[in-house]
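Novice: Below is the sequence, then the predicted model.
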Amino acid sequence: MTVRAGPPTIPQTAELPTILSVAIDNLGNKWFGTANGVSKFDGTNWITYNTSNSGLAERWVAAISIDPLGNKWFGTQGGISKFDGIDWSIYNTSNSGIASDHVSSIAIDASGNKWFGTDRGMSKFHE
């Protein structure tokens, strides 16, 4: 499922709720997974993506990983959300065969396989 979303919200301050996960992309942007979505900080500006303004599967972002192509992978309690900078894709138990929609960790190996840690075990995923 691919979703093209409207503009993200921009927080008025740099204050974020509890930080659950952090990743830094190849451009130096910092990505923060929170209980209310994911926020990106480019060194000057904050942008927050949530279930209202993006294709994020669920607001609780427990894991973030960035693949060699720059795609951001977010582990949520509603499955995996992938963001390529424009489009969002959602992978869950109904469309990808992952063990559970409750994804708490993500690792990407040298072959491009995504490894998802869930509350029902590990899943290996390859697009």
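Specialist: Thanks, I have the structure now.
Novice: quick one: low-confidence ranges for the protein?
Specialist: 1-16 (pLDDT under 70).
Novice: what about 80?
Specialist: 1-17, 127 (pLDDT under 80).
Novice: For it, which segments count as helices?
Specialist: Taking DSSP state H, the chain contains no helices at all.
Novice: Give me the most central residue, it.
Specialist: Phe74 (1.9 Å; CA atoms, centre = their mean).
Novice: That one against Thr34, yeah?
Specialist: No: the criterion here is CB atoms under 8 Å, and Phe74 misses it with Thr34 at 10.9 Å. For glycine as for every other residue, the C-beta is placed from the backbone atoms N, C-alpha and C.
Novice: And the strands in the chain, which stretches?
Specialist: 2-4, 19-24, 30-34, 37-41, 46-49, 61-66, 72-76, 79-83, 87-91, 103-108, 114-118, 121-125 (DSSP state E).
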